[in-house]
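> Please find the sequence and the predicted model below.
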Amino acid sequence: MRMHERQSKPRSRREVLRAGGTLVSLAAAASLGVSLGARPAKAAGYPERPIKIIVPFAPAGPTDIMARILATHLGEAIGGTMVVDNRAGAGGNIGIGITAHAEPDGYTLLITSSAYVVNPGLYAKIPYDPYQDFAPIAELGTSPNVILVDPKLGVNSVADLIARAKANPDELNYASPGIGTTPHLSGELFKIVCGVNITHVPFSGAGPAIQALLSGTTQVAFAALPPARPHIESGLLKVIAVTGAHRWFDLPDVPTMVELGYKDFISDTFQGFLAPAKTPAAIVEMLAAKSIEVLKTPKIAEQLRNNGFEVIANGPDGMKKRIDDEVPKWREIVAKAGIKPV
């Protein structure tokens, strides 16, 4: 139920609290046991029913993986049940928009990726305001993007891929999790800085994009590390570069694009946790504190790392700063890449 502030006639400075239906003075408050710093009553007893976490992408992508790991452990930490609800489409806009307009009662939350900050520059119209429609809960983690190839392609390095693309213009295509995702923008940046033409084939999420590479629909893919990792380990896919700031801990032989001489070629995918604006502050604060506690638990942090995530575990201020910094950053990158708003 939405809580609306009721306009009323100004009271005296001493008439500030109501207890048992009666206005009481500041002096009387203490004797009645009323706490001036009490949290909103809306938070009492929360959660009383299952909490829905909307993921605006298809299952098996990095955001979905993060959401499912967090939902399990955070649900236990707060004494409730969290259910992941995948609402893919329109580069994440559908799921983000649904959450933006959900009841702000703490029972519909969002775990999203960098699409949240990219889409304002990519689409002419989006169903949410990144600054006004959400209350940041936590900056969860990040993962580098990777450049993947079909092992049967005979490409073993970035230099090989560039040579193959230049020798066979328009032969190769690459899969991404969707238009405007950081893997897509990594692919477009690769084409610009390497001077090659590889056709982009967008999918509705990381899982379908990787399946396209596995099935031979595409020969190359740009993807976040978490959904690709099992297929790299099995040998079904070959990773030739990571686009993070440093080499990944369990891919020590895979170079970064920066190491290969492509200055500033750093592109990662973050996961953020948000609630609809006007969600009671006590609920947001509790979810933030418990999320950080869960993420910093050694066993869970190791589980996330083994799934390709670097844990960040920043609270609402950290998430807000990332939004404030990255909306204009990606707007500029989209413009430089020559991608027209759709």
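Now that the structure is in, tell me what you want to look at.
> What segments of the stretch 201-342 of the chain are helices?
206-215, 225-234, 281-295, 298-306, 316-336 (DSSP state H, counting those that start in this stretch).
> Out of those, which is closest to residue 147?
Residue 147 lies closest to helix 225-234 among the helices of the stretch 201-342 of the chain, at 10.0 Å (CB to CB). C-beta coordinates here come from the backbone N, C-alpha and C atoms, glycine included.
> Specify the angle between the closest one and helix 206-215 in degrees.
Computed by axes from the mean of the first three to the mean of the last three CA atoms, to 10 degrees, the angle separating helix 225-234 from helix 206-215 equals 30 degrees.
> could you say what helices and strands helix 225-234 packs with?
On a contact count with 3 or more CB pairs under 8 Å, 6 or more residues apart in numbering; DSSP states H and E, helix 225-234 meets helix 62-78, strand 134-149, helix 206-215, strand 238-242.
> hang on, the earlier thing: right, so the helices of the stretch 201-342 of the chain: which one is the most enclosed?
Comparing the helices of the stretch 201-342 of the chain by mean neighbour count (mean count of other CB atoms under 10 Å), helix 206-215 ranks first with a mean of 22.
> List the contacts of it.
Outside helix 206-215, the residues within contact range by CB atoms under 8 Å, 6 or more residues apart in numbering are 57-62, 64, 148-150, 175-178, 183, 201-203, 218-221, 223-224, 226-228, 231, 236-237.
> residues contacting residue 120?
126, 130, 327, 330-331.
> Drop the exposed ones from the contacts of helix 206-215 and show what's left.
Buried by 16 or more other CB atoms under 10 Å: 57-62, 64, 148-150, 175-178, 183, 201-203, 218-221, 223-224, 226-228, 231, 237, out of the contacts of helix 206-215.
> Looking at residue 35 now. What's its pLDDT?
With respect to pLDDT, residue 35 scores 35.
> Next up, the contacts around residue 168.
Residues near residue 168 by CB under 8 Å, 6+ apart: none.
> and it, how far is that from residue 214?
Noted for residue 168: a distance of 22 Å to residue 214, by CB to CB, to the nearest Å.
> swap in residue 293?
Taking CB to CB, one finds residue 293 at 37 Å from residue 214.
> go on, residue 169?
On the measure of CB to CB, residue 169 and residue 214 end up 25 Å apart.
> Please apply the same query to residue 267.
Distance check for residue 267 against residue 214: by CB to CB, it reads 23 Å.
> One more: residue 166?
Residue 166 is 26 Å from residue 214, by CB to CB.
> and the most centrally placed residue in the chain, what is it in contact with?
Nearest to the mean C-alpha position of the chain, by CA atoms, centre = their mean, lies residue 113 at 2.1 Å. Contacts for residue 113 (CB under 8 Å, 6+ apart) come out as 57, 61-63, 92, 181-182, 224, 269-272.
> Please enumerate the helices of the stretch 1-150 of the chain.
With helices called from DSSP H, counting those that start in this stretch, the stretch 1-150 of the chain shows them at 26-32, 62-78, 93-100, 115-122.
> ok, and which of those has the densest surroundings?
helix 115-122 comes out most buried of these by mean count of other CB under 10 Å, with a mean of 24.
> Let me know the angle separating it from helix 316-336.
Relative orientation of helix 115-122 and helix 316-336, computed by the same axes, to 10 degrees: 40 degrees.
> pLDDT (mean, whole number) over helix 115-122?
So the average pLDDT for helix 115-122 ends up being 94.
> so how far is it off the chain centroid?
Relative to its chain's centre, helix 115-122 lies at 12 Å (CA atoms, centre = their mean, to the nearest Å).
> Also stretch 331-342?
Computed by CA atoms, centre = their mean, the chain-centroid distance of stretch 331-342 equals 20 Å.
> let's have the chain start at 821 instead
Got it, the first residue is 821 from now on, which makes the last one we talked about stretch 1151-1162.
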